[in-house]
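In: show me the folded form of this:
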Amino acid sequence: MDSPTMIRTTQALGLTTALISSGVSFCAAGLCIPPILPLPISESSRILASLYHSGGKLVVPLTITSAVCNGVAGYLVPQAWREYTVAAILALSIPIYTRVWMMPGINKLLRVSQMDGSAIQGVRREHVLQLLQEWASQTYIRGALALGAGLLGVWVLARTQAVPEA
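Out: All right, here's what the predicted structure looks like:
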């Protein structure tokens with residue numbers, strides 16, 4: 001693959017995967033959580049567990065692809081290395097943010113989702129609702145990080161001639 005093709009490919013993949021990841025996060029927080037809030041906590045926690053596990057199968061590869069492609073684009077386009085490095089860091093911050101900041105609440109919700117009928121009676125509904133709302137708010141932050149990475153890639157493309165014409 002020649003250099004202009006490699007540059008265009010990494011730029012396109014870096015910003016596209018970031019923007020898709022952002023959309024998935026915003027949809028999960030804004031479209032999936034509000035309808036499950038009125039449900040019994042046994043159902044809402046199980047739905048969140050399913051959403052969390054299936055979302056991870058999609059978002060983690062998108063995030064890794066975005067980070068790697070933005071990092072490579074930063075190497076291949078020296079005049080925009082700072083911007084692409086920031087985009088790569090934004091993408092890499094998503095799994096770190098999830099692991100460090102979000103996992104305590106996620107783990108509590110996953111434990112509730114695995115409880116049977118008698119054990120779940122001791123769980124306060126307000127506590128589960130608070131955890132679900134916190135998850136949604138934190139997922140908006142993940143979406144914003146991915147959106148930042150994607151928009152930074154778009155901005156770099158708009159302001160620079162990244163690939164010299166042959």
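
In: the helix or strand bottoming out on mean pLDDT in the chain - contacts with which helices or strands?
Out: Within the chain, no helix or strand scores below helix 117-120, which has a mean of 83 by mean pLDDT, DSSP states H and E. Here helix 117-120 touches helix 41-76, going by 3 or more Cβ pairs under 8 Å, 6 or more residues apart in numbering; DSSP states H and E. For the C-beta atoms, the positions are set from N, CA and C on the backbone; glycine is no exception.

In: which secondary structure elements does the helix it packs on contact?
Out: Contacts defined by 3+ Cβ pairs under 8 Å, 6+ apart place helix 41-76 against helix 3-27, helix 33-36, helix 81-97, helix 103-113, helix 117-120, helix 125-159.

In: can I get these in a markdown table including distance to V68 and mean neighbour count?
Out: Shown next, in a markdown table, are the helices and strands packed on helix 41-76 (distance: least, Cβ to Cβ, whole Å; neighbours: other Cβ atoms under 10 Å):
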| stretch | distance to V68 | mean neighbour count |
| --- | --- | --- |
| helix 3-27 | 8 | 19 |
| helix 33-36 | 30 | 15 |
| helix 81-97 | 8 | 20 |
| helix 103-113 | 23 | 16 |
| helix 117-120 | 42 | 10 |
| helix 125-159 | 12 | 18 |
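
In: quickly, which of those helices bottoms out on average pLDDT?
Out: Lowest mean pLDDT within those: helix 117-120, at a mean of 83.

In: with just CA atoms, put that helix into PDB.
Out: Provided in PDB are the C-alpha atoms of helix 117-120 (Å, rounded to 0.1, in the frame of the first residue of the first chain):
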ATOM      1  CA  GLY A 117     -36.300 -13.500  43.500                       C
ATOM      2  CA  SER A 118     -35.600 -13.800  47.200                       C
ATOM      3  CA  ALA A 119     -32.200 -12.100  47.200                       C
ATOM      4  CA  ILE A 120     -33.400  -9.200  45.100                       C
END
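
In: who's in contact with it?
Out: For helix 117-120, the surrounding residues in contact (Cβ atoms under 8 Å, 6 or more residues apart in numbering) are 41-42, 112.

In: run the last query once more with 6 Å
Out: S42 (Cβ atoms under 6 Å, 6 or more residues apart in numbering).
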